[in-house]
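Chemist: Any chance you can model this:
(one chain, ligands or ions: 2)
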Amino acid sequence: MAEHVLLIGGGGREHAIARALEGSEARRASSSRTESDDGEVDLYACAGNRNPGIARLATEFETLETTNPKAVREYAEAVGATLAVVGPEAPLEAGVVDELEDAGIYAFGPKAEEARIETDKAFQRRFMAEHDVPGCPDFETFDDVDAACDYIDEYDGDLAIKPAGLTGGKGVKVIGDQVTAEEGKAYVSESDYDRIVLEERLVGEEFTVQAFVADGEVRTAPAVQDHKRAYEGDEGPNTGGMGSYSDAAFELPFMTESDYEEAVSIMEATVEALEGYRGVLYGQFMLTAEGPKVIEFNARFGDPEAMNTLPVLETEFLEVLTAARDGEKLPELEFASQATVCKYAVPEGYPTDPKAGAKVQADEESVARVARATENSSGEQSDPRESAGDALLYYASVDERDDGIYTTTSRAVAVVGVADSITAAEEIAEDALEVAGEEGLHVRHDIGKPDLVQQRIDHVEELRGER
Ligand code: AMP
Ligand code: GLY
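Modeler: Ligands and ions are numbered 1, 2, ... in the order given. So this is what the prediction gives:
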């Protein structure tokens, strides 16, 4: 019998999850699916926005408030869900997994209490310190504005100012980078955040490691580098992430294999201390002169990082989920040795003053044809089926209405290039953007370009005293 899988969330990350449930992109590119595969998953989806990409893959798509656990449960019961996958953090914080579990439905995601590793940054830092998890920067937590401001005055060095609760990745201000100490104090005083974490500013290059976790087992994916800042050259405000890349190896070009392994061991220590955690654990690291340090943990796939990782996952995603649910050993994960570059097109003004309501023209089929055309015109690949390239389009926070697809105030569509090298993947992503159309949207074209990747390599070499 087919599994009835309920996918919760309507962004680019969830579109990538929906595709992975249909069968991994890499596998689909190299072999055609057999008839018998088709019966394995009946996908049902719910989100606040109608994501056209997910809606097309799903048997049914319901628009509902995903932070309302009762509403999600009702829908899950109505469609006879045998499994659920939660994409975003807000439903985790709201207790959707707890509610589904009460209904006897296994959800791949942590319960609200365990999701605090993401949803409460003060808890997260204290947890790391109490359990001696390596890679934790110096930190203090505050619920009093004056005490926090005094600490900023007295601290010898720069600090990162972090609201303890969820802010969609946009709440952190780093002194000495984005703000001065005075601006930092004004930010703390004027904000209505009731709890603040102040921690040592980490200097280095950021990277993400995502892991599938169940019953104490940890299966990690290749590292990814996201780009938080809104504008090219890492300028402007922090966003949810403007785009990201991964390499054909597990580590990124500015990392050594042992940097990657050190990050994995930090994640394993965290999972051991968390006891009973299930779902995706996302470790965000800063590769400093002293090695990887933890910037934060998330209790879910990254967005955009899921769009780098899931297209190259060759192991059946469904197999991971059913093993976790059934208490079986998680399968070892296979990834295609291919690089990926993801670029988001976001509404003009995002994230501070985003203009919603623009019509989105992009369609999946025309983007999918891009890579093949690229390969053919270069003449280097004789057999397009063996071409190293794929171009993918993911819909994010857009809304499908009767007369078309419209932007909301958040990230709109993402393109992903998959190829043998980061450079080739980047070129495919750019070709895909041209076909998808960027009118009224903003893109960071520098993501994944050789210059920017080289800057990351130079930065780490400099920190390590190798230049
Ligand atoms: P977060 O919401 O914790 O992911 O933080 C958002 C961004 O703020 C990160 O991607 C980093 O660029 C930056 N950041 C957070 N914590 C630190 C830190 N301790 N030192 C330097 N930058 C940081
Ligand atoms: N890309 C950052 C996040 O998903 O939190």
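Chemist: need the contact list for the nearest residue to Pro88 once chain neighbours are set aside.
Modeler: Taking CB to CB, 6 or more residues apart in numbering as the measure, Pro88 lies nearest to Gly9, with 4.5 Å between them; neighbours along the chain are not counted. Glycine gets a C-beta too; all of them are placed from N, C-alpha and C. Taking CB atoms under 8 Å, 6 or more residues apart in numbering as the contact definition, Gly9 lies against Ile17, Ala47, Thr66, Val86, Gly87, Pro88, Pro91.
Chemist: if I look at the first one, how far off is Val280?
Modeler: Think Ile17. When CB to CB, to the nearest Å is the yardstick, Ile17 and Val280 sit 10 Å from each other.
Chemist: ditto for Asp399
Modeler: 26 Å.
Chemist: Neighbour count for those two, which is higher?
Modeler: Taking Asp399 and Val280 together and counting by other CB atoms under 10 Å, Val280 has the greater number of neighbours (25 against 21).
Chemist: List, one by one, the residues from the stretch 101-250 of the chain near ligand 1.
Modeler: Near ligand 1, the residues belonging to the stretch 101-250 of the chain are Pro137, Ala160, Lys162, Gly169, Val172, Val174, Glu199, Arg201, Leu202, Glu206, Lys228, Asn238 when assessed by CB under 6 Å from any ligand atom.
Chemist: got the contacts of Gly9 as CSV, with distance to Phe335, pLDDT and secondary structure columns?
Modeler: Shown next, in CSV, are the contacts of Gly9 (distance: CB to CB, whole Å; pLDDT from 0 to 100; DSSP: H, G, I helix; E, B strand; the rest coil):
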residue, distance to Phe335, pLDDT, secondary structure
Ile17, 16, 98, helix
Ala47, 27, 98, strand
Thr66, 29, 98, coil
Val86, 23, 98, strand
Gly87, 20, 98, coil
Pro88, 24, 97, coil
Pro91, 27, 98, helix
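Chemist: ok, those residues vs ligand 2, which is closest?
Modeler: The nearest member of the contacts of Gly9 to ligand 2, counting by CB to the nearest ligand atom, is Pro88 at 9.0 Å.
Chemist: Make sure the closest one is actually in contact with Ala299.
Modeler: No - in this structure Pro88 lies outside contact range of Ala299 using CB atoms under 8 Å: 9.9 Å.
Chemist: So, low pLDDT: which residues of the stretch 351-467 of the chain?
Modeler: Regions of the stretch 351-467 of the chain meeting the criterion pLDDT under 70 cover residues 372-388.
Chemist: What segments of it are helices?
Modeler: Per DSSP state H, counting those that start in this stretch, the stretch 351-467 of the chain carries helices over the ranges 364-378, 422-436, 450-463.
Chemist: which stretches of the stretch 101-250 of the chain have low pLDDT?
Modeler: Within the stretch 101-250 of the chain, the set of residues satisfying pLDDT under 70 comprises 169.
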